[in-house]
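**Student:** Here is my input, please return the structure:
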Amino acid sequence: MAEQNSISRPRVLSGMRPTGKLHLGNYMGALHNWVKLQDQYECYFFIADWHALTTDYADTSNVMENTREVILDYLAAGLDPARSVLFVQSHVPVHAEFHLLLSMITSLGWLERVPSYKEQQENIVGKDLTTYGFLGYPLLQAADILIYQANYVPVGQDQVAHVELTREVARRFNQFYPLDGHEVLPEPDSLLTPSPKLPGTDGRKMSKSYGNTILLADPEPEVRKKLKTMVTDPARVRRTDPGDPDKCPVGDLHKLFSSPETLGKVYEGCRTAGIGCIECKGWAADALVQILRPIQERRARFTDADVKNILDDGEARARQRAEQTMVEVRAAMKMAPAPGR
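**Tutor:** Numbering: from 1, shown residues only. Predicted coordinates for the structure are as follows:
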């Protein structure tokens with residue numbers, strides 16, 4: 001039967017694909033919130049290396065190194081292996097078994113109508129995404145969530161459709177396979193998390209695919225170099241032209257990271273042309289460096305041996321919890337357990 005969390009903390013699960021070092025957009029959109037969730041929830045955070053293959057299957061040479069970089073960024077951001085289970089998806093193989101079993105009951109139409117399916121096919125050029133793996137990745141996500149009988153999935157508004165699919169899959173499984181009159185899979189809820197507007201250096205949303213990111217691991221000289229090239233309010237053609245921080249990507253950074261005093265100087269100086277864009281960008285760089293410095297200092301503390309031990313421990317804890325669900329799933333589906341189980 002589905003484990004009841006009423007006597008303990010509700011369970012949360014989320015993960016990221018290892019497609020490279022994480023950037024400020026990842027931090028503000030997810031990691032910053034995950035760190036806070038550790039105080040309220042039983043947290044499982046994983047590195048979704050199988051999900052990386054859904055789009056990067058033709059070249060897997062960087063998956064292992066990127067996995068190492070992502071776990072370091074997790075730890076640097078403040079995820080605590082004493083308070084959260086941190087693990088690599090493929091190191092818990094029953095995710096794949098569960099995904100296979102769920103695929104037997106999942107309608108093809110459910111997968112085809114997931115909004116990101118067509119969006120990514122249209123926006124990701126140069127890759128053949130007409131694969132079973134790409135079509136089925138929302139179901140693999142559902143398996144990732146349901147195998148831990150998670151109560152909540154922290155997501156932005158654009159990911160709510162994935163959680164709704166997960167709920168549909170759980171509902172159908174419970175309809176087909178009740179266990180002793182009980183439902184095996186709880187339907188998880190979306191835990192909507194703040195996702196502030198964070199522009200990249202070109203003014204578009206910060207994204208690795210756009211090449212406009214500021215990495216959590218970028219040293220100070222690199223941060224300042226990137227900020228110098230950042231686009232600004234197009235109305236400020238000349239130094240003497242007044243501008244509007246509300247129409248400027250650098251202004252958006254100030255709103256998120258600068259002190260109220262600095263923000264006041266930005267509004268006054270920009271709107272009266274009392275400061276130039278170079279000076280304004282320098283103040284933004286000052287604020288970003290202050291945010292990144294403690295993150296980078298934490299990152300430097302972890303050795304390769306530390307990372308291995310943390311992931312080994314997380315894998316053991318995740319396997320144990322996932323196998324509890326699979327015992328119920330196999331019993332409900334009348335599937336014989338493997339020898340030794």
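**Student:** just for the stretch 101-250 of the chain, where's the confidence low?
**Tutor:** In the prediction, the stretch 101-250 of the chain carries no residues with pLDDT under 70.
**Student:** Now do the strands for it: every range, in order, please.
**Tutor:** Secondary structure of the stretch 101-250 of the chain, counting by DSSP state E, counting those that start in this stretch: strands at 152-155, 189-192.
**Student:** list the helices and strands the first one packs on?
**Tutor:** For strand 152-155, the contact count by 3 or more C-beta pairs under 8 Å, 6 or more residues apart in numbering; DSSP states H and E identifies strand 11-16, helix 32-37, helix 160-176, strand 189-192 as packing neighbours. All C-beta spots, glycine's among them, are computed from the backbone N, C-alpha and C.
**Student:** Pull out the buried residues from the second one.
**Tutor:** Of the residues in helix 32-37, those scored as buried under the neighbour-count criterion (16 or more other C-beta atoms under 10 Å) are H32, N33, W34, V35, L37.
**Student:** Can I get the residues you listed in JSON lines including distance to A96 and pLDDT?
**Tutor:** Below are the buried residues of helix 32-37 laid out as JSON lines (distance: C-beta to C-beta, whole Å; pLDDT from 0 to 100):
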{"residue": "H32", "distance to A96": "31", "pLDDT": "94"}
{"residue": "N33", "distance to A96": "28", "pLDDT": "94"}
{"residue": "W34", "distance to A96": "25", "pLDDT": "97"}
{"residue": "V35", "distance to A96": "29", "pLDDT": "97"}
{"residue": "L37", "distance to A96": "27", "pLDDT": "97"}
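**Student:** Packing partners of whichever helix in the chain runs longest?
**Tutor:** For the chain, the helix that runs over the most residues, judged by DSSP state H, is helix 304-332. Where contact means 3+ C-beta pairs under 8 Å, 6+ apart, helix 304-332 is packed against strand 42-47, helix 63-77, strand 84-88, helix 94-103.
**Student:** in it, what's buried?
**Tutor:** Those buried within helix 304-332 under the rule 16+ other C-beta under 10 Å are 307, 310-311, 314-315, 317-319, 321-322, 325-326, 328-330, 332.
**Student:** Could you give the separation of it from the chain centroid?
**Tutor:** Distance, stretch centre to chain centre, for helix 304-332: 20 Å (C-alpha atoms, centre = their mean, to the nearest Å).
**Student:** Compute the inter-axis angle for it and strand 84-88.
**Tutor:** For helix 304-332 against strand 84-88, the angle by axes from the mean of the first three to the mean of the last three C-alpha atoms, to 10 degrees is 90 degrees.
**Student:** mean confidence for helix 304-332?
**Tutor:** Per-residue pLDDT over helix 304-332 has a mean of 97.
**Student:** can you give me how far the host helix or strand of A287 is from the chain middle?
**Tutor:** Using DSSP states H and E, A287 maps to helix 277-300. Helix 277-300 sits 22 Å away from the centroid of its parent chain (C-alpha atoms, centre = their mean).
**Student:** Which strands and helices lie in contact with that helix?
**Tutor:** If you count contacts as 3+ C-beta pairs under 8 Å, 6+ apart, helix 277-300 packs onto helix 63-77, helix 220-228, helix 249-257, helix 260-271.
**Student:** How about that helix, which residues are buried there?
**Tutor:** Neighbour counts using 16+ other C-beta under 10 Å place 277, 280-281, 283-289, 291-292, 295, 299 of helix 277-300 among the buried residues.
**Student:** Please identify the one among these that lies nearest to T19.
**Tutor:** Proximity of these to T19 (C-beta to C-beta) peaks at R299, which lies at 18.3 Å.
**Student:** check contacts around that closest one.
**Tutor:** L72, D73, L75, A76, L216, A217 (C-beta atoms under 8 Å, 6 or more residues apart in numbering).
**Student:** any idea how far A217 is from the nearest residue to the first one once chain neighbours are set aside?
**Tutor:** Which is L72. The shortest distance from L72 to any non-neighbouring residue, by C-beta to C-beta, 6 or more residues apart in numbering, is to R299 (5.5 Å). Per C-beta to C-beta, to the nearest Å, R299 is found 7 Å from A217.
**Student:** Quick check: neighbours shared by those two?
**Tutor:** Contact criterion C-beta under 8 Å, 6+ apart; residues shared by R299 and A217: L72, D73, A76.
**Student:** Let me have these in JSON lines, adding distance to E261, pLDDT and neighbour count as columns.
**Tutor:** JSON lines is the format used below for the shared contacts of R299 and A217 (distance: C-beta to C-beta, whole Å; pLDDT from 0 to 100; neighbours: other C-beta atoms under 10 Å):
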{"residue": "L72", "distance to E261": "34", "pLDDT": "98", "neighbour count": "21"}
{"residue": "D73", "distance to E261": "30", "pLDDT": "98", "neighbour count": "24"}
{"residue": "A76", "distance to E261": "28", "pLDDT": "98", "neighbour count": "23"}
